[in-house]
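Peer 1: build me a model:
(one chain, ligands or ions: 1)
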Amino acid sequence: MPDSSHDAVEVITAKRDGHELSDSQIDWVISAYTRGDVADEQMSALAMAILLNGMDRREIARWTAAMIASGERMDFSGLSRPTADKHSTGGVGDKITLPLAPLVAACGVAVPQLSGRGLGHTGGTLDKLESIPGWRAALSNEEMLAQLDSVGAVICAAGDGLAPADKKLYALRDVTGTVEAIPLIASSIMSKKIAEGTGALVLDVKVGTGAFMKDVDSARELAETMVALGQDAGVHTVALLTDMSTPLGRTAGNALEVQESVDVLAGGGPADVVELTLALAREMLAGAGRDDIDPADRLADGSAMDAWKQMVRAQDGDPDADLPVARESHVVTASSSGVLTRLDAMAVGMAAWRLGAGRARKEDPVQAGAGVVWHARPGDEVTAGEPLFTLLTDEPARFDRALASLDGGYDIAPAGSSYTPHPLVIDRVG
Ligand code: URA
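Peer 2: Numbering: from 1, shown residues only. Prediction:
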């Protein structure tokens, strides 16, 4: 029998008029929406009222608990090692999960990473890994547990059973201009992470032009909201606020970012990717009670690379196979000599997306080899006529729109100009 303890219009008008929703209104609306008894247009109106009027800490905690209760919860308590996971709010060139998961596993902490595919200008972890020949994203719960026991790290697709209310609501927010509400972002991310069953969680909250949160104050508010939700649910949770005004590393694109991650695991790779990987690994280890281990040692001694190869092989991928390469390339050269003082993350992310590395609709395919390589980072000297970017795609018709995104996305100051680097890790909440 349908639960008629509340109705959708009553809940919408309460939030529209600036009132707090009661626990029972929240439980009812999430459950009724998941069942299909609250229509999409009603949930859209409620999401917009929440975006405009906010929710307090109790409401956000209850909303998150109701979304967790809409599906299954995973349980890793039977594993012989502690668990820790990381979530990034999304950035350009953000391939950190790829070296981080095997690195933390090599330190004796299990990493259950349930990931998604990319939408818009930030790439998805699964899309990146799917550029490895043979690699498979879909695992059953039993396969995931077995791999966590044997290898210690799993990166796979979140099954449909985990927080189904969020799956439906996130898709709706995407098309109704209601993604940016902090209570809705925080509850969306944390419902999935708490349902996933990790013991410790480190949040990488990105700040800057290429991130959801464009300024430090709103990123801090999101971080504090998520950390409180995690701690209230018994998950050891901390957040780092990290810069996303400049893209991470030297590449944005699926196979390109896998290669850069392998370079890091081999002891090389761009300094910022290594720095952030180690900073997040230290937080994950501390959260799991293993701060006696220095992850830099496990990068240097090759054990993180061994864990990567085992992790890829366990999901039918060939870690030694050549990665796909785009058929066409186009080089952008520096128009003047001097110092690169700005490289805009959003401009680079849009260019990679337009080259085919990302998708516009969730059913679109992505190109494994497409993307952007930048040959200089802010602070580097550049020489007129030398390559600044290499654009890669299988479809040359895409070059024009990608070039248009890069236009105005970087600045070259005269030689000798001073450049003050931004710190990569801006703050820590927790
Ligand atoms: N990622 C999520 O999973 N949910 C949001 O609302 C935003 C980013």
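Peer 1: ok, the residue of the stretch 101-250 of the chain found nearest the ligand - contacts?
Peer 2: Nearest residue of the stretch 101-250 of the chain to the ligand (Cβ to the nearest ligand atom) works out as residue 188 at 3.4 Å. For the C-beta atoms, the positions are set from N, CA and C on the backbone; glycine is no exception. Counting by Cβ atoms under 8 Å, 6 or more residues apart in numbering, residue 188 makes contact with 67, 166, 169, 170.
Peer 1: equivalent analysis for residue 197, please.
Peer 2: Residue 197 touches 73, 74, 75, 76, 77, 83, 112, counting by Cβ under 8 Å, 6+ apart.
Peer 1: please identify the helix or strand for the residue lying closest to residue 170 once chain neighbours are set aside.
Peer 2: Once flanking residues are discounted, residue 170 sits nearest to residue 188: 5.7 Å by Cβ to Cβ, 6 or more residues apart in numbering. Under the criterion of DSSP states H and E, residue 188 resides in helix 182-196.
Peer 1: related to what we said a few turns ago, who wins on neighbours among the contacts of residue 188?
Peer 2: With neighbours defined as other Cβ atoms under 10 Å, the most crowded of the contacts of residue 188 is residue 67; it has 29 neighbours.
Peer 1: quick check: which element contains that one?
Peer 2: Going by DSSP H and E, residue 67 is part of helix 57-69.
Peer 1: check residue 103 too.
Peer 2: helix 97-106.
Peer 1: roughly how far is that helix from the heart of the chain?
Peer 2: Once both centres are worked out by Cα atoms, centre = their mean, to the nearest Å, helix 97-106 turns out to sit 15 Å from its chain's centre.
Peer 1: does it reach the ligand?
Peer 2: No: between helix 97-106 and the ligand, judged by Cβ under 6 Å from any ligand atom, nothing touches; the nearest distance is 13.9 Å.
Peer 1: what are the contacting residues of that helix?
Peer 2: 84, 86, 88, 111, 113, 115, 125, 128-129, 151-155, 257-258, 261, 264-265, 269, 273, 277, 280-281, 284-285, 295, 298-299, 303-308, 310-311.
Peer 1: restrict it to CA atoms and write it as CSV.
Peer 2: In CSV, the C-alpha atoms belonging to helix 97-106 read as follows (Å, rounded to 0.1, in the frame of the first residue of the first chain):
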residue,chain,number,x,y,z
THR,A,97,43.2,7.5,-8.2
LEU,A,98,45.3,5.4,-10.7
PRO,A,99,48.7,5.6,-8.9
LEU,A,100,47.1,6.2,-5.5
ALA,A,101,45.0,3.0,-5.1
PRO,A,102,47.9,0.5,-5.8
LEU,A,103,50.3,2.7,-3.7
VAL,A,104,48.1,2.5,-0.7
ALA,A,105,47.5,-1.2,-1.2
ALA,A,106,51.2,-1.7,-1.3
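Peer 1: strand partners of the helix or strand just after it, parallel vs antiparallel please.
Peer 2: Sequence-wise, the next helix or strand downstream of helix 97-106 (DSSP H and E) is strand 111-115. Note on strand 111-115: by DSSP bridges, its sheet partners are strand 153-157 (parallel).
Peer 1: OK, contacts around the residue nearest to residue 305 when sequence neighbours are not counted?
Peer 2: Once flanking residues are discounted, residue 305 sits nearest to residue 265: 4.3 Å by Cβ to Cβ, 6+ apart. Shown in contact with residue 265 (Cβ under 8 Å, 6+ apart): 99, 102, 103, 299, 304, 305, 308.
Peer 1: of these, closest to the ligand?
Peer 2: For the contacts of residue 265, the nearest to the ligand is residue 99 (21.5 Å; Cβ to the nearest ligand atom).
Peer 1: okay, the closest one: pLDDT?
Peer 2: Residue 99 carries a pLDDT value of 98.
Peer 1: swap in residue 244?
Peer 2: With respect to pLDDT, residue 244 has a value of 97.
Peer 1: these two touch, right, it and residue 212?
Peer 2: No: the criterion here is Cβ atoms under 8 Å, and residue 244 misses it with residue 212 at 9.1 Å.
Peer 1: if we can go back for a sec, let me have the contacts of residue 188 in TSV, extended by distance to residue 316, pLDDT and secondary structure.
Peer 2: Compiled in TSV, those are given as follows (distance: Cβ to Cβ, whole Å; pLDDT from 0 to 100; DSSP: H, G, I helix; E, B strand; the rest coil):
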residue	distance to residue 316	pLDDT	secondary structure
67	32	98	helix
166	29	94	helix
169	33	95	helix
170	29	89	helix
